[in-house]
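Trainee: Predicted model and sequence below, questions to follow.
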Amino acid sequence: MKKIIGVILCAVFILSLATAVFASAGEAIAFTSDSIFTAGGTVKVDIQKTGANISANGTSAEKTAFSENKVQYYWMRNDCYYADGTSITLTEKDKACQFYCVAALYSDDDHTQQCGTVTSAKFSVVNTDNAPNFPEITTKYLLNGEIGEEYYQKLECTDPDVVYSLFRSSLPDGLTLSENGEIKGTPTKTGFWYVVIMVTPKSGEEYANTAEFEINVFEPSGDYSIEIEKLPKKLTYTQGEKLDMTGLKVRIYTPDGFIDSYNGERLTYSQKELVTLGEQKIKISYEDAFEFFIVTVIAPPDAESDAVTSGDNSDAVTGDESSPTETNGITSTFAEQTEDITDKSDITDTSSETDGNSENNTRSDGMPWWGIVLIALASAGVGVGLTVIIIKKNK
């Protein structure tokens, strides 16, 4: 028992060391010892320790960039941009939020050619009351564009009193973003654009939130184009499920006018199971025209729930239109054949007799046949011995 306890304690000790190593490995950017993760505290980057981490683990380009002070620090709050600089002062609005710092390293003085990034460990600001609600962009995706075709999309946010702007990104050539969240114009160049849009309160409060998007601009699609008028009812899936297009309405523009597609009819799209977790772009197409919408894939439930779900699925399979007929048919046929065999007295089931004899030859109340024979022989020997003794006494 002592050995087992000793082994367990050693394993716990080794795991604790491994945890410490992994934790320190993730802290590429270090904070100063006077960092206080509460409202009113100031968090600073420890430049010396950060440089030592980069020198020890960074690439040659990153080491050079840091030594030449070609670094730009910016802070993220709840995975959205918060502020630039080597330090931030936390406010009441930061309670219950999670922060981390990113150091972007550049190979040029103008900070245009990025050669690497390092990230700090995350920390949370202590919350002593209800956390504030920050405005969030609720628009899930941006429409794709087509060269020569007018483009328009209005962004939506949980707070209507915000100003929209681009954050370290750009829109396709020919498009502009207004402060009230309107993207409009006529695309002039094909390609892919990664767009980050930021919202800040009109009241001037010092916080912001960002959302990331993608826009593709294509060549003219020819005689056909499609437009999504209503998204499917189901936009969240468990890993392994297939798309359900129920509720999808798409207008297909043709040379002769337009036709409407409901629930995915007339459209081409992937029928494979959704296996990648997170948001996924679903492409739907008609002839040479296509469009996208976003679905979210979540992880399946735990093993116990899987077992319950598996049982439910088996019931669902039994309830299929074809399954009851085939199952009942097999059961009925087997029963009829059994009755026929039972009614025919001239048919003997030799296999069952053979099995019975075989079992009797090998076991009797759990004892092998040769055990029974030995007991019988021993009993017979005892009987013979007693008989001889009695005869001698009578003589």
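Mentor: Nice, thanks for sending it over.
Trainee: buried residues in stretch 288-297?
Mentor: Across stretch 288-297, burial judged by 16 or more other C-beta atoms under 10 Å covers 289, 290, 291, 292, 293, 295, 297. For glycine as for every other residue, the C-beta is placed from the backbone atoms N, C-alpha and C.
Trainee: do the same with stretch 86-98
Mentor: Buried, per 16+ other C-beta under 10 Å, within stretch 86-98: 86, 88, 90, 93, 94, 95, 97.
Trainee: Tell me the one of the residues you listed nearest residue 114?
Mentor: Nearest to residue 114 among the buried residues of stretch 86-98: residue 86, at 18.2 Å, using C-beta to C-beta.
Trainee: Angles on the backbone of the closest one, please.
Mentor: phi -90, psi 0 (degrees, to the nearest 10).
Trainee: from the buried residues of stretch 288-297, which is closest to residue 101?
Mentor: Residue 101 has its nearest neighbour among the buried residues of stretch 288-297 in residue 297, at 30.4 Å by C-beta to C-beta.
Trainee: What helices and strands are in contact with the helix or strand the closest one falls within?
Mentor: In the assignment (DSSP states H and E), residue 297 maps to strand 289-298. Contacts defined by 3 or more C-beta pairs under 8 Å, 6 or more residues apart in numbering; DSSP states H and E place strand 289-298 against strand 225-230, strand 236-238, strand 249-254, strand 278-286.
Trainee: Looking at the buried residues of stretch 86-98, point me to the pair that's furthest apart.
Mentor: 86 and 95 (22.7 Å).
Trainee: quick one: low-confidence parts of the stretch 101-250 of the chain?
Mentor: Scanning the stretch 101-250 of the chain for pLDDT under 70 picks out the ranges 127-133, 204-207, 221-222.
Trainee: all strands of it, in order?
Mentor: 114-119, 123-124, 145-146, 151-154, 162-166, 175-177, 182-185, 191-201, 209-218, 225-230, 236-238, 249-254 (DSSP state E, counting those that start in this stretch).
Trainee: Check these for me and report the most buried one.
Mentor: The highest average neighbour count among the strands of the stretch 101-250 of the chain, using mean count of other C-beta atoms under 10 Å, belongs to strand 145-146 at a mean of 24.
Trainee: Which residues does that strand contact?
Mentor: Strand 145-146 has contacts (C-beta atoms under 8 Å, 6 or more residues apart in numbering) with 151, 172, 175, 187, 215, 216, 217, 218, 219, 220, 221, 225.
Trainee: tell me the domain ranges of the protein?
Mentor: If you go by automatic domain parsing, the domain ranges for the chain are 21-124, 145-298, 303-343, 350-394.
Trainee: And these: which comes nearest residue 138?
Mentor: Closest of the domains of the chain to residue 138 is domain 145-298, at 4.8 Å (criterion: C-beta to C-beta).
Trainee: just checking, residue 97 touches residue 78?
Mentor: Yes: in this structure residue 97 lies within contact range of residue 78 using C-beta atoms under 8 Å: 5.4 Å.
Trainee: re the thing from before, and of the helices and strands packed on strand 289-298, who's closest to residue 199?
Mentor: Using C-beta to C-beta, the helices and strands packed on strand 289-298 put strand 278-286 closest to residue 199, at 19.4 Å.
Trainee: Only the C-alpha atoms, please, for that closest one, written as CSV.
Mentor: C-alpha atoms of strand 278-286 as CSV (Å, rounded to 0.1, in the frame of the first residue of the first chain):
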residue,chain,number,x,y,z
GLY,A,278,-16.8,26.4,-34.8
GLU,A,279,-18.2,28.6,-37.6
GLN,A,280,-18.3,27.2,-41.1
LYS,A,281,-19.1,28.8,-44.4
ILE,A,282,-21.7,26.8,-46.4
LYS,A,283,-21.6,27.3,-50.2
ILE,A,284,-24.8,27.0,-52.1
SER,A,285,-24.8,27.3,-55.9
TYR,A,286,-27.0,27.3,-59.0
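Trainee: quick one on the thing from earlier: may I see the buried residues of stretch 288-297 organised as JSON lines, with pLDDT and distance to residue 143 added?
Mentor: Output for those, formatted as JSON lines (pLDDT from 0 to 100; distance: C-beta to C-beta, whole Å):
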{"residue": "289", "pLDDT": "84", "distance to residue 143": "13"}
{"residue": "290", "pLDDT": "87", "distance to residue 143": "12"}
{"residue": "291", "pLDDT": "91", "distance to residue 143": "8"}
{"residue": "292", "pLDDT": "91", "distance to residue 143": "9"}
{"residue": "293", "pLDDT": "93", "distance to residue 143": "10"}
{"residue": "295", "pLDDT": "94", "distance to residue 143": "16"}
{"residue": "297", "pLDDT": "92", "distance to residue 143": "22"}
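Trainee: and those residues, which two are the farthest apart?
Mentor: Across those, the two lying at the largest distance from each other (C-beta to C-beta) are 289 and 297, at 25.9 Å.
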